[in-house]
Structures are given as C-alpha cells and as structure tokens.
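Q: Need a 3D model of the sequence below.
(chains A and B)
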There are 2 protein chains.
Amino acid sequence: MNAKLLLMLTAVTANFCASVQAAETLSSWADYEARAAIVEFVETVTNEASEDFVPASDRIAVFDNDGTLWAEQPAYFQVLFAADMAAAKLKANPALVTESPFKELAEGGLGAVASGGLASLFELLQVSHAGISNRDFQTSVANWLESARHPTTAQPYTAMVYQPMLELLTYLRANGFSTWIVSGGGVSFLRVWAEEAYGIPKRQVIGSRNALSFQDNDGDPMFMREASLSHINDGAGKPVGIQQVIGQRPIMAIGNSDGDFEMLSWTTSLGPSLGVLIHHTDSEREWAYDRDSSIGGLDRGLNEADARGWIVVDMKSDWEQVFPQ
Amino acid sequence: MNAKLLLMLTAVTANFCASVQAAETLSSWADYEARAAIVEFVETVTNEASEDFVPASDRIAVFDNDGTLWAEQPAYFQVLFAADMAAAKLKANPALVTESPFKELAEGGLGAVASGGLASLFELLQVSHAGISNRDFQTSVANWLESARHPTTAQPYTAMVYQPMLELLTYLRANGFSTWIVSGGGVSFLRVWAEEAYGIPKRQVIGSRNALSFQDNDGDPMFMREASLSHINDGAGKPVGIQQVIGQRPIMAIGNSDGDFEMLSWTTSLGPSLGVLIHHTDSEREWAYDRDSSIGGLDRGLNEADARGWIVVDMKSDWEQVFPQ
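A: Next comes the predicted model:
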C-alpha cells in the first residue's frame, strides 16, 4: 500500500466516524432544548464549512465527576470509601476509639464527622489516603468498589453512573473530542475505575492530589502518599488544574455545582464553546437538590446560566433514563 | 461503509504504519549498538507474538529536554531567556541596578548571578517568570525565540534541536508510542514551541510549574504566575510529575543527566522497558561534558548504566549528524 492510498483510507475512516454516529447515540436524552443545543454545538464545531469550526486537537471536553458523571448522594462516594476504611481500621484496633476521627465516627457516623467541618472530613480522608503507597491505596479502592454497595440503592457504586452522560461521552469522542474528567475528587481514586466506567484513560483524569514522594524501595520504586495536598481541584482550582495538565482552554465544560463555576466561565469566555450544568431535579429516580445543598450546591450557576448562555439540563425532563439498566 | 469494513481498514492502516516506517527513519544514527538496541526494543514491544508485547496505550516514551532534545550549553536556554528579559528590564529602568539580580547581571553577567547559587538563579528567573499573566509570559517567550540567537552558534535556539532525536520521536510515534517531554524546565516555556519543534502537543509536556492563580479579569479570564513553584520537575520530581499527569509508568525514558536518574530507574524497574542516556562527547560538533559539569552533570548515571542495562549514546560516534541542516 502506498502513502497516498493510506491517507485516503484514513480520511474515509475519519469522515465515517464523524457523520454516522451523530445524534442517534443520545438515545436516553429527551428531544428537548438541552439535547438540541448540544447536538447543534457539536455539529457546528465539526463542520469545516462553519466559521466556528474547531480542529479535532482543540476539541477538549471537560467533565466534573461527582453529580455530573455519577451520583453524589447521600455523600461523595470517595467520602463513603474513607468512612468504610476508617471503620475497618477501628474494628481492627478498637483502642483508636478515643481519637478523632474514629471517636466521631463511632459515636455519630459520617454525620458526626461532617459536623466538624472540612477539617474533620479531611482528617477522615487522610486515614485511608495518606501514609501508604499509591499502589496500596489503589488496591484498596479497587477492592472496595468490588464489594461495597450504595446505602439506599444497594447497587455497586460504578453502576450509579448516568446513562445519558455515557452516551454524551461516546457521542463527543465519535466526533473527534478528547474527553477529560476534571474532578474535586482524588486523581488516584478516579484512575482506578474511570477507564472501565467511562472509557476515559488515566492520563485524561485531573483531580485533587495528595503530595507524592518517590522512593526507590530497594529497586521496587513506589510513591508514598503524603498527608498534604499538592493541588485542590475545585472552584478556581479547576481551571488551574486544566492549565497545568492540558495547557489550553477546553471548548466544552459540563458540571453540576458552583465548584464548577470557574471551569465553565473560563471555557465559555471566548470563541465557539459550550457550558452545561446538570440540575438535579428528580427526587424519584435520583435526588433533587440545588441552592441549599451541602453536597453539590448549585446557586450562582443557576442565577447566571441564562446570561452566560449555559445549558441547564433538567434531569427529570431531559433524561429518559438515569442509570444504566 | 459498514463497521466491519471500517475496522478492517483501521487495522490495515495501523499495521502499515508500524511495519514500513521502522528503522529507515533513524538515518542520522550510526549503525552501532545504541541504534540496534533501540530498534530491537521497539520491534519487540510492538510484536504481538512476543511475550514482551506492550499495547499501544501503554507505549509511553518520556524525554528530558535540555541536553536530550536540544542543547544546553553554555547555559540552559530558559536561563538565557531570563537573563535577556532582565537586561531589557534594567535598560528600561536603570535605577534597578542597585538591586539583585540586576546588580550582579550588570557587573558580571550571567556568571556573576550563577555564582550566587540556585537562589540567585531563581531570583533571576522570577524577574520574567512571575508577577505577569501566563499569556503575556508565553508571548514574551515566543518573541524571544523569534529574535534571539545562540551566543556561540548564532543560530535560533529552536534550530539547536538534535536531528537524531527528531528522528527517534518520529520513529516511536510511527510505532504507536506516545511521546512526552519531562523536563526540569518550565512547562509554560516549553509549550510555546514544543509542538512545532518536536511534534509534541501541549498536553504531553510535563515540566516545573510556577503556581498559577485564576482570575476572572472582568470576563476575560487569565492565569497569573505566582512567585512560588508548585512543582519542581527534576530528580525524584520527574517520576512524581509523570505519575501526577500520566498516572502510569512509562516503558521508555531518555535523558542525559543525573536529574533524569530517578525517571530512568522507575521506568526500567519492571517489565519490558528501555533507559537511554545521551552522553555529550563531541566537543567539535556540540559540547563534551559529563561528571563535573554544573550543567547536565552525568556521574551516577554513567556509573550505573551498565548494571541497569541502560543504553549510553555516545554523541560523537553514534550520531552522524547532530543538528538539522
């Protein structure tokens, strides 16, 4: 085969992907405004004849995780993991019950820990997240995901991803987008399961980070997880995390809380771009919460979405299905 | 076209790339051990019949930049940029001559600054690297690269990349590798020119980082560069940088100094993998330096390369051409 023929075949392949897989993929999305706006945006930036055409290398779509790609109630799942790990540690060593956060956990569960504020939650997280190797940490996450079940749905946590978002990820990738997770959650927590759940490889996951120290460990090198955070990927930390890792502005950002505000405002500050907020409105199939929620609070985003041209997805009416069956 | 045919075409395309572009690409490499070892490694990990086959998604090759992809004498080029920027600032405001680092620069040039050690060099760097937006910083880098010329070769700095390494990058990519820069230099400095010079996109550049703060700037968001570093990507910082951004161990690492030691030792600690050190041995076509050099010092690497199975490239004999013509 010569080079010219190769180029021709490659071009045919690329066109085939872009045109055929368009809107049919989004089968769990009701045929309303939100879906139409997403499809119109994608068809515009992939249309070479459009003045808003964006080359594939710049088609970067960033997704928040908790409350955007999977559920986040009654608490962030990573916090539920941390509580389970702390409970197991306490069971193995009951003498710990005199110390925080084990004391609060034993007396009043996660609620008692949370009532101590962010500092207490951080302390709970560090019981399982710091002072061990990253390898051992990821093994414990994998084991937990295998056996743990959600407190109200009794489903595995990885079954509580949103079917319409899986379809959106597939649709965007079929149209030449690279899809990224940009989460307040921990990057090493997410990387354990993001590829299988979302088709997003490790290198396209941006999250909060425990500081790591590299240790030779007698020729079997490893990373130790330190108790400090080297990056907090929330709020204004999300654009910073994206700039550090990707080095350029995305053209599409999808979130569900005010922790995503800066990510959306940066993304939509210039050129062809789209901001999307997932609004949790479905208390029957999922949960309903927004302005006053301590988890996934969405207030400023709702106030400013219209003026900024952001799409607000009404989970109850826009999604015909919430979780995969 | 149906999906089966598409898959077939894609497979044909992939095989074509892997098999035809193999060793011919490396035309500036002498037909000695180093070249043979690299080709053997690539042919092994891309051979599905081999027990050392590595799927394309795991074929991660990491390259140091200074002294590995481009020259680094008589000083790191990013430091020469910083000195030029500081000199211009002093010219515009001569009253600065009483303050460090302008005083040392005016009295004894870069040598006088360097004699103050790392703290003085850091101070020099921050004159141009901190307290401005990342956008303005990158514009100043681009302008400098356009007009500045190397003090001894009188070439543009981007012409002082190594031809054999450009060929190696091309060869690896043709064989399904992703190629990454993992540099002690600044990530935002590198991203200005890495794609044009090496074909390496912004998202595949890992470097040292000034802390960034995200600012709304009246709806025209920007990143301000703070005076502190949020990551120093040298020595043990290189594996940490790779782990943070890519999230997995590379299978090939190429460096030239002891600042690359941990990157190579991690990369080659397990499974099919290759470590390569570029040894600067050619005082006529480039520079000759190693154990005692304050720039690109290579001592431990030379001592341990044999025992660790790392390839040492002798620039003088292994490279038939050094710079592009």
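Q: per-residue confidence at residue A:3?
A: On pLDDT, residue A:3 comes in at 50.
Q: got it, and the one 10 residues further on?
A: According to the model's per-residue confidence, residue A:13 sits at a pLDDT of 49.
Q: What distance do you get for residue A:193 to residue A:78?
A: According to C-beta to C-beta, to the nearest Å, residue A:193 stands 11 Å off from residue A:78. Where you see a C-beta, it was placed from the backbone N, CA and C, and this is true even at glycine.
Q: In terms of neighbours, single out the busier of those two.
A: With neighbours defined as other C-beta atoms under 10 Å in any protein chain shown, residue A:193 and residue A:78 compare such that residue A:78 has more, 24 against 17.
Q: and the more buried one, helix, strand or coil?
A: With DSSP: H, G, I helix; E, B strand; the rest coil as the basis, residue A:78 sits in helix.
Q: Pop out the phi and psi values for residue A:213.
A: Dihedral angles of residue A:213 (phi, psi; degrees, to the nearest 10) stand at phi -120, psi 140.
Q: Likewise for residue A:36?
A: Residue A:36 adopts backbone torsions of phi -60, psi -40, taken as degrees, to the nearest 10.
Q: what residue ranges in the stretch 201-325 of chain A are flagged as low confidence?
A: Applying pLDDT under 70 to the stretch 201-325 of chain A flags no residue at all.
Q: Sketch out the helices for it, chain order is fine.
A: A:237-245, A:261-267, A:300-308, A:315-318 (DSSP state H, counting those that start in this stretch).
Q: The stretch 1-150 of chain A too?
A: Under the criterion DSSP H, counting those that start in this stretch, the stretch 1-150 of chain A contains helices at A:3-20, A:33-45, A:77-92, A:102-114, A:118-129, A:134-147.
Q: dump the residue contacts of residue A:194.
A: Applying C-beta atoms under 8 Å, 6 or more residues apart in numbering or on different chains to residue A:194 gives the contacts A:181, A:200, A:201, A:202, A:205.
Q: how about the nearest residue to it, chain neighbours excluded?
A: Of all residues beyond its chain neighbours, the one nearest residue A:194 is residue A:200 (4.8 Å), with distances taken as C-beta to C-beta, 6 or more residues apart in numbering or on different chains.
Q: what about the one you found, which helix or strand?
A: Assignment of secondary structure by DSSP states H and E places residue A:200 within no helix or strand.
Q: Comparing the helices of the stretch 1-150 of chain A by mean pLDDT, which bottoms out?
A: Lowest mean pLDDT within these: helix A:3-20, at a mean of 47.
Q: sorry, back to before: I'd like to know how many residues surround the residue nearest to residue A:194.
A: Counted by other C-beta under 10 Å, the residues lying close to residue A:200 total 22.
Q: Which pLDDT value belongs to it?
A: pLDDT recorded at residue A:200 is 98.
Q: ok, it - contacts?
A: Taking C-beta under 8 Å, 6+ apart as the contact definition, residue A:200 lies against A:169, A:179, A:180, A:181, A:194.
Q: got JSON lines for those residues, with secondary structure and pLDDT too?
A: What follows is these, written out as JSON lines (DSSP: H, G, I helix; E, B strand; the rest coil; pLDDT from 0 to 100):
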{"residue": "A:169", "secondary structure": "helix", "pLDDT": "98"}
{"residue": "A:179", "secondary structure": "strand", "pLDDT": "98"}
{"residue": "A:180", "secondary structure": "strand", "pLDDT": "99"}
{"residue": "A:181", "secondary structure": "strand", "pLDDT": "98"}
{"residue": "A:194", "secondary structure": "helix", "pLDDT": "98"}
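Q: which ones are touching residue A:258?
A: A:235, A:297, A:298, A:299, A:300, A:301.
Q: The spatially most central residue of chain A: what's its closest spatial neighbour, skipping adjacent residues?
A: Centroid check for chain A by C-alpha atoms, centre = their mean gives residue A:65 as the closest residue, at 1.7 Å. Leaving aside its sequence neighbours, residue A:65 sits nearest to residue A:183 (C-beta to C-beta, 6+ apart; 3.8 Å).
Q: and the host helix or strand of that neighbour, how far from the chain's centre?
A: Using DSSP H and E, residue A:183 sits within strand A:178-186. Remark: strand A:178-186 is offset 5 Å from the chain centroid, using C-alpha atoms, centre = their mean, to the nearest Å.
Q: between it and helix A:237-245, how many degrees?
A: Going by axes from the mean of the first three to the mean of the last three C-alpha atoms, to 10 degrees, strand A:178-186 is angled at 120 degrees with respect to helix A:237-245.
Q: what's next to the helix or strand just after strand A:178-186, contact-wise?
A: Per DSSP H and E, the first helix or strand lying C-terminal to strand A:178-186 is helix A:187-191. For helix A:187-191, the external contacting residues (C-beta under 8 Å, 6+ apart) are A:65, A:78, A:81, A:134, A:137-138, A:141, A:181, A:183, A:202, A:205-210, A:225, A:233, B:244, B:247.
Q: Off-centre distance for whichever helix or strand comes after helix A:187-191?
A: Beyond helix A:187-191 on the C-terminal side, the first helix or strand identified by DSSP H and E is helix A:194-198. Relative to its chain's centre, helix A:194-198 lies at 11 Å (C-alpha atoms, centre = their mean).
Q: One more: stretch A:210-228?
A: Its chain's average C-alpha position is 25 Å from that of stretch A:210-228, according to C-alpha atoms, centre = their mean.
Q: what about that stretch, start to end distance?
A: With C-alpha to C-alpha, to the nearest Å as the measure, stretch A:210-228 spans 6 Å from end to end.
Q: still on that earlier bit, who are the neighbours in contact with the residue nearest to the centre of chain A?
A: By C-beta under 8 Å, 6+ apart, the contact set of residue A:65 is A:181, A:183, A:184, A:185, A:190, A:207.
Q: That one and residue A:124: what is the separation?
A: On the measure of C-beta to C-beta, residue A:65 and residue A:124 end up 20 Å apart.
Q: How about residue A:187?
A: 19 Å.
Q: got it, and residue A:175?
A: Applying C-beta to C-beta, the value for residue A:175 to residue A:124 is 41 Å.
Q: out of those two, which sits in the busier spot?
A: Per other C-beta under 10 Å, whichever of residue A:175 and residue A:124 has more neighbours is residue A:124, with 24 against 21.
Q: Residue A:78 is in contact with that one, correct?
A: No. In this structure residue A:124 lies outside contact range of residue A:78 using C-beta atoms under 8 Å: 10.7 Å.
Q: What parts of the stretch 201-325 of chain A come near chain B?
A: Counting by C-beta under 8 Å from any C-beta of the partner chain, the residues of the stretch 201-325 of chain A close to chain B are A:201-203, A:205, A:209, A:212-214, A:216, A:219-221, A:223, A:230-231, A:236-237, A:239-240, A:243-248, A:262, A:265-266, A:269.
Q: What's the ChimeraX syntax to select whichever of the residues you listed are buried?
A: In ChimeraX, this line selects whichever of these come out buried by 16 or more other C-beta atoms under 10 Å in any protein chain shown:
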select /A:201,202,203,205,209,212,214,221,223,231,236,237,239,240,243,244,245,246,247,262,265,266,269
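Q: Just among the contacts of residue A:65, which is most surrounded?
A: residue A:183 (30 neighbours).
Q: Do you know the pLDDT at that residue?
A: In this model, residue A:183 is scored at 98, pLDDT.
Q: what about the residue nearest to residue A:58 when sequence neighbours are not counted, how many neighbours?
A: Excluding the flanking residues, the one nearest residue A:58 by C-beta to C-beta, 6+ apart is residue A:251, at 6.5 Å. Number of residues near residue A:251 (other C-beta under 10 Å) recorded here: 22.
Q: check contacts around residue A:317.
A: Listed by C-beta under 8 Å, 6+ apart, the contact set of residue A:317 reads A:30, A:32, A:281.
Q: Just send the helices of the stretch 1-150 of chain A back as a markdown table, with distance to chain B too.
A: Converted to a markdown table, those look like this (distance: least, C-beta to the nearest C-beta, whole Å):
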| stretch | distance to chain B |
| --- | --- |
| helix A:3-20 | 5 |
| helix A:33-45 | 18 |
| helix A:77-92 | 17 |
| helix A:102-114 | 28 |
| helix A:118-129 | 15 |
| helix A:134-147 | 7 |
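Q: I appreciate the help and will end here.
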